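Chemist: Need coordinates for the following:
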Amino acid sequence: MKLYAISDLHVNHTPNGDALEALPAHPEDWLIVGGDVGESEVVVIRALHLLTDRFAQVLWVPGNHELWAVSKDGGLRGVARYDRFVSRCRDLGVLTPEDPYPLWPGAGPPTRIAPLFTLYDYSFAPEGIGSEDVGAWARESGIVPVDDRLLLPDPYPSRVDWCHARVAWTERRLSAVPAGERLVLVNHWPLREDLVRLYRVPRYTPWCGTRLTEDWHRRFPVDVVIYGHLHMRATDWRDGVRFEEVALGYGRHWDHDRGVEGYLRQILPRPSMAPPGGWGGPVWDR
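Modeler: Here you go, the predicted model:
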């Protein structure tokens, strides 16, 4: 029995959707889906339904694409849109950030898998650039995120407020994990700014997370952190904790000959790999 992870499936792109259809069954294994499955409800739920047929348990966290207020979904926005996805996931038996953290039933020490939803607050911007200035600063290099038009925070007054509310609620839940249990944290956005390596579009970094989560891997009993969003697959270590960026990405970001199967990242049992500190930098998976 294994726990796998993948994110950013973007199944509305034809090569990605076709590759997901061809994914073999893993009837004994669990799968983490780290957000950005697609934009419309029908596309996302169809993909998750397919995955529930091929894995024993599926866990999902939202990415920014699922949160976009698209017209074909009746204009649902903000918390109402997120809640709609949570409801549909529960109909399928897919676990979400709103459900109790499940205890991993496979080999190894007692470990809970914690799906998270923390959003971002622009604090990954350089010092001196506040949330009110970050849009203009990004536009200077041609960066105009779609989130600014479509990821609407209702009923919160801003994405920053929604982010901070989610972080505070999540911290309370993580603090309640029983003593002696370990954690696998799952979030669409990276929890640390130093993991964001956007060499071609560096000014997109503020839309990638919040500094409020930078120390969670030390504050809580974390073994592994799973995330996506960057389309820059890598394995990193921080303070002895493994960080896995597991995005598939758009068609140009992956080798179609490998299929989706070739990009499933094994999380548990811990795969054989060099010990923390054994590498000079991240291990890249192209």
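Chemist: Could you list the low-confidence segments of this structure?
Modeler: 273-286 (pLDDT under 70).
Chemist: Break down it into its helices, ranges please.
Modeler: Applying DSSP state H to the chain gives helices spanning 14-21, 41-54, 78-92, 134-139, 147-150, 159-175, 216-219.
Chemist: Identify the residues contacting the last one?
Modeler: Residues from elsewhere that reach helix 216-219, judged by C-beta atoms under 8 Å, 6 or more residues apart in numbering: Leu174, Leu185, Leu191, Arg192, Val222, Val225, Arg238, Asp239, Val241, Phe243. (C-beta placed from N, C-alpha, C; glycine too.)
Chemist: What of the fourth one?
Modeler: The set of residues external to helix 134-139 that reach it, using C-beta under 8 Å, 6+ apart, is Tyr122, Ala125, Ile129, Val144, Pro145, Asp148, Arg203, Tyr204, Pro206.
Chemist: of all the helices of the chain, which lies closest to Val70?
Modeler: Nearest to Val70, of all the helices of the chain, is helix 147-150, at 7.1 Å by C-beta to C-beta.
Chemist: ok, Glu245 touching Leu195?
Modeler: Yes. Counting by C-beta atoms under 8 Å, Glu245 touches Leu195, with 7.1 Å between them.
Chemist: More neighbours: which of those two?
Modeler: Per other C-beta atoms under 10 Å, whichever of Glu245 and Leu195 has more neighbours is Glu245, with 28 against 20.
Chemist: picking up where we left off before, between Glu245 and Leu195, which contacts overlap?
Modeler: Tyr227, Leu230, Ala234, Asp236.
Chemist: Now for the nearest residue to His10 once chain neighbours are set aside, how many residues are close by?
Modeler: The shortest distance from His10 to any non-neighbouring residue, by C-beta to C-beta, 6 or more residues apart in numbering, is to Asn16 (5.1 Å). Number of residues near Asn16 (other C-beta under 10 Å) recorded here: 24.
Chemist: Kindly report the same for Pro145.
Modeler: Neighbour tally, Pro145, other C-beta under 10 Å: 18.
Chemist: Quick check: phi and psi on it?
Modeler: phi -60, psi 140 (degrees, to the nearest 10).
Chemist: which ones are touching the closest residue to it other than its chain neighbours?
Modeler: Nearest residue to Pro145 in three dimensions, chain neighbours excluded: Trp207, at 5.2 Å (C-beta to C-beta, 6+ apart). By C-beta under 8 Å, 6+ apart, the contact set of Trp207 is Asn64, Tyr120, Tyr122, Pro145, Asp147.
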